[in-house]
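In: what's the 3D shape of this:
(chains A, B, C and D)
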Number of protein chains: 2
Amino acid sequence: MPKPQAKPERKTRIQSQNEEIILDAALEVFSAYGYRGGTIDQIAARCGLSKPNLLYYFRRKDDIYKAVLERTLADWLEPLRSLDPAADPATELTRYISAKLDLTFGRPAASRLFANEILHGAPHVARFLKGPLKELVDAKALVIRRWVAEGKLRPVDATHFIFAIWAVTQHYADFAVQVEAIIGTPDRERVRRAVLDILLRGIIPGRG
Amino acid sequence: MPKPQAKPERKTRIQSQNEEIILDAALEVFSAYGYRGGTIDQIAARCGLSKPNLLYYFRRKDDIYKAVLERTLADWLEPLRSLDPAADPATELTRYISAKLDLTFGRPAASRLFANEILHGAPHVARFLKGPLKELVDAKALVIRRWVAEGKLRPVDATHFIFAIWAVTQHYADFAVQVEAIIGTPDRERVRRAVLDILLRGIIPGRG
DNA sequence: ACCGGACTTGACCATTTGATCAAGATTTAT
DNA sequence: ATAAATCTTGATCAAATGGTCAAGTCCGGT
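Out: This next block holds a predicted model:
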C-alpha cells in the first residue's frame, strides 16, 4: 500500500490539460483587455468551460492572472541570458535582437500582457523586476562594457542600450495596431533588417 | 438684447474650471489603472467632487476618457510636426528626440494613457492613427528620405527609424517602474545623451 | 461492476460600479 | 433684491462581476 501523496499532489490528466487551455485563454483575454478589463466569464467562454469550473482550477481571478504571467516571465529572460561573452559581439547582439523580434512576432499577446503589467506599476512582478531581472541586466551590461573596453564595440551606455533593444523590439507587439495603421502588416524580415541597422550600425566598429 | 447663444454655448467660469480639474484627475486615474480599471469614484475622490457632479459635466465615463485622451493627442503630434526639412538633420533629429524625452519625463501619465490605449487595440483612436498620425509620419518619413538622398544621413529605413525614436523615448515613461527597478531613478541628462548616442551615432555621417 | 475521488455546473449571493433623479444650494444677470 | 440658470449631492437603481455551494456526472483503480 503506497503512502498517500502528501503535498505536491500528482496532477490528473484532465487537470493539467484544463489548466493549460485556461491559461492560454487567459493570456489572450488579459493581454487584450488588461487585468481589470478581462473577466472570468470571457476566459471561460473562450475555452469552453463554465465559470465555476474555472474557479475549481484557480480559486481566484488573481490566481489565473498570476499563473499566466509567471508562465511568460521565464521565456522573457531566456534570450538575454544566452548572450555569450566569449563570442563575437556583432554576432551575439544580432542573435539577441533577432530572438527578441521572434518573441515579439511569435507571441505578441505575451508581450502585451507584460507591457500592461509594467505600465500599471507592476503590482504583481515588482519582486521579479528588482530581483532576477535586475541581476541579469547588470550581468549582461557588464558583458557589453567589457566588449567596449576590449575595443570590440564603440562606447555605448550598456544598460540604456539594453533598454533600447527592449523598447524597439517590443514596440512591434505592444504598439502593433499603431504600426499597422501606418505601414500595414509589417514584413518581419524588413523589420529585422531595419531594427538591426538602427541599433547596431552605430556601435559596431568598421561598419560606417 | 443680444440673441441667445445657439449651439456652442458659452462656458461658465465654474464649468471650464471643473472640467479641467476633472480631466487632470482622470488622466492620473486612467493612466494608472486603464480605462476599465479606473472608476468614476476614484476620479471624483481625487478632484474633490461628488460622483453625480462629475456626471453633470461628463454624462458618461466614456466621455471623460475620450476627452482626456483627445487633450493629449494634439501635444503628441506637435514635436514631430515641427521637424524642419530645411534645417540640419543632426540638429533637427536631436531636437526632436530631446522634445520627445521632455514629454516622457514631463508628462509620463499622458504617455502611459496613450500606450494603454494602443496596447488594447486603440478602440477610441483608430481613426486618429489611420488619419492624422499616418499622414504626418508619411510626410516626415519623406523628409528623412530626402536627407538620406542628399547624403546628409546614412541610409536608414525612415519609417522604422521614427518608430525606433518613439519606442526608445516613450520607454522611459511607459516602463518607468522597470527602469527604476534596474537603475533607480534615471538621470534625465544621462538618458538624453545615451538615447541620442544610440539612435543617432549610426546615421549621422562623419561621427564614427 | 463498483466505489471513492475528481470533475462539472445551474442557481445563487454580495459587492462594485456606471448612471439617474429629485431636491436643495449657489451663482449670475437684471 | 430677486428670479432664472447653473451647480451640487444624497439616495437609489440596474447591470456586471467575482466568488460560493450543493447537487450531480464522470473517471480511474481495483
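
In: so what touches the helix or strand harbouring residue A:25?
Out: Per DSSP states H and E, residue A:25 falls inside helix A:13-37. Under the contact criterion CB atoms under 8 Å, 6 or more residues apart in numbering or on different chains, helix A:13-37 has outside partners A:11, A:38-39, A:42-44, A:46-49, A:53-54, A:57-58, A:64-65, A:67-68, A:71-72, A:109-110, A:112-113, A:116-117, A:120, B:33-37, B:116, B:120-121. The C-beta positions use only the backbone N, C-alpha and C, and glycine is treated the same way.

In: who in chain A is up against DNA strand D?
Out: A:12-14, A:38-41, A:51-52, A:55, A:59-62 (CB under 7 Å from any atom of the strand).

In: among these, which are located in helices?
Out: Under the assignment DSSP state H, the residues of chain A next to DNA strand D contribute A:13-14, A:40-41, A:51-52, A:55, A:61-62 to helices.

In: nearest to DNA strand C, of the residues you listed?
Out: In terms of CB to the nearest atom of the strand, no member of those lies closer to DNA strand C than residue A:52, at 3.1 Å.

In: show me where chain A has its helices.
Out: A:13-37, A:40-47, A:51-57, A:61-81, A:89-106, A:108-119, A:126-128, A:134-149, A:158-174, A:176-183, A:188-200.

In: how close does the nearest residue to residue A:202 once chain neighbours are set aside sit to residue B:161?
Out: Once flanking residues are discounted, residue A:202 sits nearest to residue B:202: 2.9 Å by CB to CB, 6 or more residues apart in numbering or on different chains. For residue B:202, the distance to residue B:161 (CB to CB, to the nearest Å) stands at 10 Å.

In: what do you get for residue A:170?
Out: Taken as CB to CB, the span from residue A:170 to residue B:161 is 17 Å.

In: what about burial for the ones in helices among the residues of chain A next to DNA strand D, which qualify?
Out: Neighbour counting over these (16 or more other CB atoms under 10 Å in any protein chain shown) leaves A:40, A:55, A:61 as the buried ones.

In: with distance to residue A:84 as added columns, please give these in a markdown table.
Out: What follows is those, written out as a markdown table (distance: CB to CB, whole Å):
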| residue | distance to residue A:84 |
| --- | --- |
| A:40 | 43 |
| A:55 | 45 |
| A:61 | 41 |
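
In: among these, pick out the one closest to chain B, please.
Out: residue A:61 (13.1 Å; CB to the nearest CB).

In: check contacts around the residue nearest to the closest one when sequence neighbours are not counted.
Out: Sequence neighbours aside, residue A:40 is the residue nearest to residue A:61 in space, at 5.6 Å (criterion: CB to CB, 6+ apart). By CB under 8 Å, 6+ apart, the contact set of residue A:40 is A:51, A:54-55, A:61, A:64.

In: give me the subset of those residues that also touch DNA strand C.
Out: Answer for the contacts of residue A:40 near DNA strand C (CB under 7 Å from any atom of the strand): residue A:51.

In: out of the contacts of residue A:40, which comes closest to DNA strand D?
Out: Among the contacts of residue A:40, and counting by CB to the nearest atom of the strand, the member closest to DNA strand D is residue A:61, at 3.3 Å.

In: which pLDDT value goes with the closest one?
Out: On pLDDT, residue A:61 comes in at 98.

In: circling back: report the set of residues contacting both of residue B:202 and residue B:161.
Out: Common neighbours of residue B:202 and residue B:161 are listed as residue A:198 (criterion: CB under 8 Å, 6+ apart).

In: show me what contacts the closest residue to residue A:200 other than its chain neighbours?
Out: Among residues not flanking residue A:200 along the chain, residue A:93 sits closest, at 6.1 Å (CB to CB, 6+ apart). The contact partners of residue A:93, by CB under 8 Å, 6+ apart, come to A:83, A:199-200.

In: got the domain ranges for chain A?
Out: Per automatic domain parsing, the structural domains of chain A span A:13-59, A:71-200.

In: for burial, what's the neighbour tally of residue A:181?
Out: 21 (other CB atoms under 10 Å in any protein chain shown).

In: same check, this time on residue A:128
Out: Residue A:128 has 19 nearby residues by other CB under 10 Å.

In: done for today, thanks.
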